[in-house]
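>>> test case, fold it:
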Amino acid sequence: MAASSPAAGSDASSPLLRSMAQHASHKARAEHEETTLVLQEMSSSNLFVIMCTAWLGIFLGAIDSTIIATLSGPISSEFNSLQMFSWIATAYLVGNAASQPLCGRLTDVLGRGPGLVASNILFAAGNLICGAARDQYAMVLGRVVAGIGGGGLICIATLLASDLIPLRQRGLFQGIANVWYGIGAMAGGVTGGFLHDHTAMGWRLAFFVQVPPSLFCALAAYVLVQVPPKQSQKSMLSRIDYPGALLTVTFVVLLLLGLSSGGSIVPWTHPLPLSVIPLSLVTFMLFIWWESKAEQPIIPVRLLSDPTVLASCSISFLSVMIMMTAMFYIPLFLQVRGESATKAGIKLLFSPASMPLGALAVGYAMKETGHLGGTIGLAVASSVYQNTLSDGLWEMFRGKPGAQEEIRRILDDLGYLERLPADWHDNAMTAFMGAFRITWLTMVIWALLTLICVFPMKNHKLHSTLSR
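Numbering: from 1, shown residues only. Below you'll find the model as predicted:
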């Protein structure tokens, strides 16, 4: 018998080696893959009760956003730092923007219910810190903590809808969620202004009153929201994209720090904005690179290669820029003109109504036809406003005795406007109106860009069951 040649032995063993390699590859891939459990569709009454738990969180977040919009001026004046105005807003949005992508991934792994509980508790804790704040640093810290919780409330409510509601009906339910948001936004400004103007505790009570309902929502979410997390052979902690989370938070914090400080706290030529803004862009590029290669990314950036997804994200991004800028700067504009916080809130009472009405109309259209046709903006607007106002005041008062001290007081306290001599008051009002005018023009540019982003969107079939 002739001995088997090495080549023959190799040929004989190749199928076995290939089989072992394929098995190892499938096993490795299975360890990284996650299985989403398709839930059985529940009755309308049960679904409504569960979604109301999430929608109540959206309602509280909306109240908080417009309460702070009408109170930012009085709070900044009490701490003798009107330049703190942008920090009160951006501190909340830093926490909000940083927490939303983290909430998405963490609740995939740990479950939506625990995520809602934690978000409500953080939201309550942040408002408690704000209400008890004795200096501007505690106030900013409280806004960051509340922002983390508020971001989770809005993000998880959307994710919960995607878990429980078929795609074809989701637009209608999102419209209902926007009604909750709209009602909260309409009530928040008036409530905040009234509590500030007509109660002994003033603006502090506006934060304290949000704590009990937030804790109630946490308890309701613990009892009612029982959505299982995604299943995987890997442990829960090993499925979290820690580098992606760190890069996300670092990018947002650095960018907003640079935009908020430049021209208001320090000059644009100061090392702080000159260093942190380029560093934020480098961090963003690292984030894109990492997320494109991560096995379980915290934000799947590959989705942005789809024109409809990219257009939708761009529209959402620009729309929130416009909405947040209007929400904070229109009340400030009214208060500069001498309106009380209550009157400013009343004048804004019905401005949020168009959003839920529009969302309901579009959601109903999506349900019937089956086709698909809120951070950086506020920081940019704040930079534009603060720089324009400061330049305008210096142009009006340069050369006058005590100009530097008077400008500092004007920038730090809205109430000081009413104590200025007549000629100084008129010139200061001219500078304020010029700053607001540039801010409104910036919003118009963003609105035009939003319109342009609509055109790449494509129609997609929307299915009417959870299994499709």
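
>>> which ones are touching residue 244?
Applying CB atoms under 8 Å, 6 or more residues apart in numbering to residue 244 gives the contacts 287, 290, 291, 294, 297, 298, 299. Placement of C-beta: from N, CA and C, glycine included.

>>> which of those residues fall in helices?
Residues of the contacts of residue 244 located in helices (DSSP state H): 287, 290, 291.

>>> return the residues in contact with the second one.
The one in question is residue 290. Counted by CB under 8 Å, 6+ apart, residue 290 has contacts 243, 244, 247, 297.

>>> drop anything exposed from those.
Those of the contacts of residue 290 that meet the buried threshold are 244, 247, 297, by 16 or more other CB atoms under 10 Å.

>>> before we move on, the earlier item: what's the farthest-apart pair in the contacts of residue 290?
247 and 297 (10.7 Å; CB to CB).

>>> how many neighbours does residue 435 have?
23 (other CB atoms under 10 Å).

>>> hmm, residue 389 and it touching each other?
Yes: under the criterion of CB atoms under 8 Å, residue 435 makes contact with residue 389 at 3.8 Å.

>>> what is the nearest of the contacts of residue 290 to residue 283?
residue 247 (5.9 Å).

>>> what comes into contact with stretch 101-120?
Where contact means CB under 8 Å, 6+ apart, the residues beyond stretch 101-120 that reach it are 34, 53-54, 57, 99, 148-153, 155-156, 159-160, 163, 214-215, 217-218, 221-222, 224-230, 236, 239-241, 245, 248-249, 296, 298-299.

>>> can you tell me which of the contacts of residue 290 lies closest to residue 455?
residue 297 (28.3 Å).

>>> just give the nearest non-adjacent residue to the closest one, would you?
residue 291 (4.3 Å; CB to CB, 6 or more residues apart in numbering).

>>> now name the helix or strand holding residue 161.
Residue 161 belongs to helix 136-164 when assigned by DSSP states H and E.

>>> any buried residues in that helix, and which?
Quick answer for helix 136-164 (16+ other CB under 10 Å): 136, 139-161, 163-164.

>>> just stretch 311-321 next, same as before
Buried residues in stretch 311-321 (16+ other CB under 10 Å): 311, 312, 314, 315, 317, 318, 319, 320, 321.

>>> per the record, what domains does this structure have?
According to automatic domain parsing, the chain comprises the domains 42-227+298-454, 241-297.

>>> can you give the distance of the first one from its chain's centre?
Centroid displacement of domain 42-227+298-454 relative to its chain, using CA atoms, centre = their mean, to the nearest Å, is 8 Å.

>>> and after the helix or strand containing residue 66, which helix or strand comes next?
Applying DSSP H and E as the criterion places residue 66 in helix 44-78. Sequence order places helix 85-110 as the next helix or strand after helix 44-78, per DSSP H and E.

>>> measure how that next one sits relative to helix 136-164, angle-wise.
Counting by axes from the mean of the first three to the mean of the last three CA atoms, to 10 degrees, helix 85-110 lies at 40 degrees to helix 136-164.

>>> quick check: next helix or strand after helix 85-110?
helix 112-132.

>>> now the angle between helix 44-78 and that following helix, please.
Using the same axes, to 10 degrees: helix 112-132 against helix 44-78 is 20 degrees.

>>> ok, back up a step: drop anything exposed from the contacts of stretch 101-120.
53-54, 57, 99, 148-153, 155-156, 159-160, 163, 214, 217-218, 221, 224-225, 227, 229-230, 239-241, 245, 248-249, 296, 298-299.

>>> against residue 172, how distant is residue 309?
21 Å (CB to CB, to the nearest Å).

>>> which one of these two has more residues nearby?
Set side by side, residue 309 and residue 172 show more neighbours around residue 172, with 19 against 14, by other CB under 10 Å.

>>> run a quick neighbour tally on the nearest residue to residue 192 once chain neighbours are set aside.
Nearest non-adjacent residue to residue 192, counting by CB to CB, 6+ apart: residue 67, 3.6 Å away. Neighbourhood size, residue 67 [other CB under 10 Å]: 29.

>>> mind listing what residue 67 touches?
Contacts for residue 67 (CB under 8 Å, 6+ apart) come out as 188, 189, 191, 192, 206, 207, 210.

>>> residues contacting the fifth one?
Under the criterion of CB under 8 Å, 6+ apart, the contact list for residue 206 reads 67, 71, 131, 191, 192, 195, 196.

>>> SS state for residue 400?
Three-state call for residue 400 (DSSP: H, G, I helix; E, B strand; the rest coil): coil.

>>> what residues are up against it?
Counted by CB under 8 Å, 6+ apart, residue 400 has contacts residue 406.
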